[in-house]
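> Got a predicted structure here, sequence first:
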Amino acid sequence: MDATTASPVNNAIYLRRRSKIVLPAAAPETIAPLSAAYIATALKNVESLGYSFSEDLIEACRALALPQLVALYQELVTDLKALVGAHRTFTPMYPNFPAQVMEMSRVELYLNAIIHYWSAGRLLPATEVKERFPLLDEIELKPIGLGTAEEFTGLFGQIVRANTAFSEQDREDVAWFVPAYGDRIEALLPETIPQKENAAYLAGQLLAHLRRERAVEIVAGFTRTATDILRLAVALSAGDLSLAKVTRFRVYTRPERALLLGLLDRLPFAAVVEDMLRWKGRWIRLGERLHPGEYAKRYPNAARAFSVLRNDEPFTTFNASVEQALSRKDAAAALSRLVTRPGDLARRLDHLLRLDTQAQDTVIAAFAEVSERVSTPVLLQVRQHFVVRNATSALRVFFPKGNLAKAKGIENTLPALPDAVCTGIVAACEAALAARFATLPPLGRVYIDPALRDLMVPFALRSASKSLRTLVRGSRLPLPAGDVLRFFVWWKNGDERTDIDLSAVIFSADFEYVSDLSYYNLEGFGGAHSGDIVDAPEGASEFIDVTLAKLQEAGIRYVLMSLTSYTEQPFVELPECFAGWMARQEPESGEIFEPKTVQDRLDISADTKISLPLIVDVVAGQVIWCDMALRRDPTWVNNVVGNLSGMTMTLRSLVETRKPNLYDLFVLHARARGTLAETPEDADTVFSLANGTPFRLEEIASGYMA
């Protein structure tokens, strides 16, 4: 029996990633099909969470025995509630929100807040809870399809083969697959794992859960450089695999020390030393844990490499020689070194092209010749850089790698390059990509939804929060029907009283701060805040309504959703904190928290005290996926006004970012593997927002970025 038929299925993972589930084996033929009434009853409650069953799933459910349907329903509802946030009870300060807040005077609101603060969060305003009118909103339900064990099993391969760093959710899912499948996981491993961080994480899982001898053999295939081995050591210490943050290495067992030194010893000595010098301090700290001197006879090359680091023996690295050439403005010398490492050449192209205008044609030709050896993600990013290279922009935006999502913007002072130079680099990238994509299976006639121009290609998801639907930062989605957006947050105290503040920060089209809805300003622009709760021993919630029509009338362009830990605990220290937004057509109907109206829900669990989940572009009618963090700075004040500098920079960075988009990626594939179709009905392959293409990130990163 092979791994795909013998291994378990985790419907929570399958539901989240593909909106499908696998049913248990059907009841014996001697049992009559279930009455449609049973299925209808289950569907009614599932619909209250915003979902429904596809026709084939309904039909398949009728073949189950009643106990099977009951068990399936209980599991499914539990998973769906967690996805949308309905697994918690929402009790805002003003239970008749939003009308209650908007009908009260500012004096009443102020006095109620003061009493709540003086009582350290114990006293809430005495309120008669009114019966709410049933939900009037028309909701488009999300279909749940009938899946197969084979497709579910294939998800593992897509996740680990993805050419982008694992998100927190990816890591959790891989950590489920490996122990669940045990030794059979080997049959599901892809031939290559292009992303080094992912390979290191997977290696740590394999070493923990497979037979050691076989795990070591597999891991050896993942580790081709000294930095790969450094990442493996970091993985074994549960550290930051991006290496952006220093890891405190744990004490390794003797077999682990022998493994790491043995992997290092088999690599070419010069390459090992050069790679180790890139992370000299990390390797010296790691050497203190590995004790290479004790293994010098067994692993002499590894011991010798550590000796070079510790004793500062002379060694000229590749990067040093390139930097020397660049400092001399010797483009020819720098190019002669860089062509031996095409990935480094791609990353330094702009610098080289600015260094010597006489050498520009030579640089373009050299890059074109070696571009086939540059990875797909790098080619896509280089192509995009030169597509927009001369576009007018006052800001250059960077997203530093690491487990905390941050944006950095600097003034754009790059001098323009000749258009022919930019066109030449773009052509070289597209030629290399076309040749690579042409080797993949044909797509036939391909329809590509123009809306995918607003959805970004997934390059790095390591800091992405776990969410109902994961998107790439800067991606835009159209707002659904409804004039009111309702932001929400739910949290529970950590080790001490915890006060999380929800705010909506309002900006003009030129990124000037206008106002906000927050704990100190509960009304404005036709919107309202549900009241500031400062203690959550059993959980607490806050809501904000923003009214799009009123914002448009006032000339507002952007609304930034913000969460601040007023009591200064990092979100990572809380047992649970999540936030999201709903689209409401009739805000006074239905419950304040209506699961079926939830558009997005994401966990707020980063090591930061300020989180910015999303931006609303009021004029464009779009939500911009943000999922960013702010760090404390010397002028930090613990509220929205005190953080306007960081918020404005984040807002501008996400609005002005010009990353590669999914539309361009799929066009490159269509041209290399098929032909373009004008409508979905005429196509063999459809990439669209309607069929969920942009949310299948592991499929995109593994199948279209290889």
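Sure, I can see it.
> residue ranges of the helices in the stretch 151-300 of the chain, please?
Here the stretch 151-300 of the chain has its helices, by DSSP state H, counting those that start in this stretch, at 168-181, 196-209, 212-222, 226-236, 254-265, 269-278, 280-290, 300-311.
> Can you list the buried residues in the second one?
Looking back up the chat, that one is helix 196-209. Residues of helix 196-209 classed as buried by neighbour count (16 or more other C-beta atoms under 10 Å): 196-207, 209. (Glycine included, C-beta is placed from N, CA and C.)
> can you pull the contacts of the most centrally placed residue in the chain?
Centroid-nearest residue in the chain, with C-alpha atoms, centre = their mean: Ala464, separated by 2.9 Å. Neighbouring residues of Ala464 by C-beta atoms under 8 Å, 6 or more residues apart in numbering: 167-169, 405, 470, 627.
> now Glu573
Glu573 sits in contact with 494-495, where contact means C-beta under 8 Å, 6+ apart.
> Do you know the pLDDT at it?
With respect to pLDDT, Glu573 has a value of 96.
> again with the one 10 residues further on
At Ala583, the model reports a pLDDT of 96.
> Distance of it relative to Pro478?
With the distance defined as C-beta to C-beta, to the nearest Å, Ala583 ends up 11 Å from Pro478.
> who's more crowded, the two?
Ala583 (19 against 11; other C-beta atoms under 10 Å).
> so the more buried one sits in a strand?
Yes. Assessed with DSSP: H, G, I helix; E, B strand; the rest coil, Ala583 lies in a strand.
> ok, back up a step: with respect to Ala271, which of the contacts of Ala464 is nearest?
Closest to Ala271 out of the contacts of Ala464 is Ser167 (30.9 Å), distances taken as C-beta to C-beta.
> Which pLDDT value goes with that closest one?
Reported pLDDT for Ser167: 93.
> Could you do Gly482 as well?
Confidence score, pLDDT, at Gly482: 88.
> mind listing what it touches?
Gly482 sits next to 137, 583-585 when contact means C-beta under 8 Å, 6+ apart.
> which of the residues in stretch 183-192 are buried?
184-186, 188-189.
> so which pair among those is furthest apart in space?
Farthest-apart pair in the buried residues of stretch 183-192 is Arg184 and Leu189; separation 10.5 Å (C-beta to C-beta).
> the bottom helix or strand of this structure by mean pLDDT?
helix 3-6 (a mean of 46; mean pLDDT, DSSP states H and E).
> picking up where we left off before, nearest to Lys596 among the contacts of Ala464?
Distances from Lys596 to the contacts of Ala464, taken by C-beta to C-beta, are shortest for Thr470, at 20.5 Å.
> in what helix or strand does the nearest residue to Leu123 once chain neighbours are set aside lie?
Distance criterion C-beta to C-beta, 6 or more residues apart in numbering; nearest residue to Leu123, sequence neighbours excluded, is Ile115 at 5.5 Å. For Ile115, the host element (DSSP states H and E) is helix 106-118.
> Do a quick rundown of the helices in the stretch 301-450 of the chain.
318-327, 331-338, 342-347, 349-355, 360-370, 376-387, 419-437.
> and the angle from the last one to helix 376-387?
Angle between the axes of helix 419-437 and helix 376-387 is 160 degrees (criterion: axes from the mean of the first three to the mean of the last three C-alpha atoms, to 10 degrees).
> If you average the pLDDT over helix 419-437, what comes out?
pLDDT averaged over helix 419-437 gives 98.
> Kindly report the same for the fifth one.
Over the span of helix 360-370, the pLDDT mean works out to 97.
> Repeat that for stretch 611-630.
pLDDT averaged over stretch 611-630 gives 94.
> okay, how far is it across that stretch, tip to tip?
Length of stretch 611-630, first residue to last, C-alpha to C-alpha, to the nearest Å: 7 Å.
> what distance separates that stretch from the middle of the whole chain?
The chain centre lies 14 Å from the centre of stretch 611-630; the measure is C-alpha atoms, centre = their mean, to the nearest Å.
> next one: stretch 493-501
Relative to the centre of its chain, stretch 493-501 is centred 26 Å away, using C-alpha atoms, centre = their mean.
> now swap in stretch 594-606 and tell me
Counting by C-alpha atoms, centre = their mean, stretch 594-606 comes out at 15 Å from the chain centroid.
> next one: stretch 140-155
On C-alpha atoms, centre = their mean, the centre of stretch 140-155 falls 21 Å from that of its chain.
> Show residues contacting that stretch.
Taking C-beta under 8 Å, 6+ apart as the rule, stretch 140-155 contacts 3-5, 7, 9-10, 13-15, 17-23, 46-47, 50-54, 56-57, 60, 76, 173, 188, 480, 596, 698.
> ChimeraX command for the buried members of these?
Buried subset of these, written as a ChimeraX selection, criterion 16+ other C-beta under 10 Å:
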select :3,4,7,9,10,13,14,15,17,18,19,20,21,22,23,46,50,51,52,53,57,60,76,173,188,480,596,698
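> Please flag which of the contacts of stretch 140-155 sit within strands.
20-21, 51-53 (DSSP state E).
> what are the ranges of the strands in the stretch 501-650 of the chain?
513-517, 523-524, 527-529, 540-547, 558-565, 577-584, 598-603, 610-617, 622-630 (DSSP state E, counting those that start in this stretch).
> out of those strands, deepest packed?
strand 527-529 (a mean of 27; mean count of other C-beta atoms under 10 Å).
> what sits up against it?
Residues contacting strand 527-529 (C-beta under 8 Å, 6+ apart): 97-98, 101-102, 484, 502, 504, 517-519, 521-523, 542-547, 550.
> partner strands of it, parallel or antiparallel?
Sheet partners assigned to strand 527-529 using DSSP bridges are listed as strand 523-524 (antiparallel), strand 540-547 (antiparallel).
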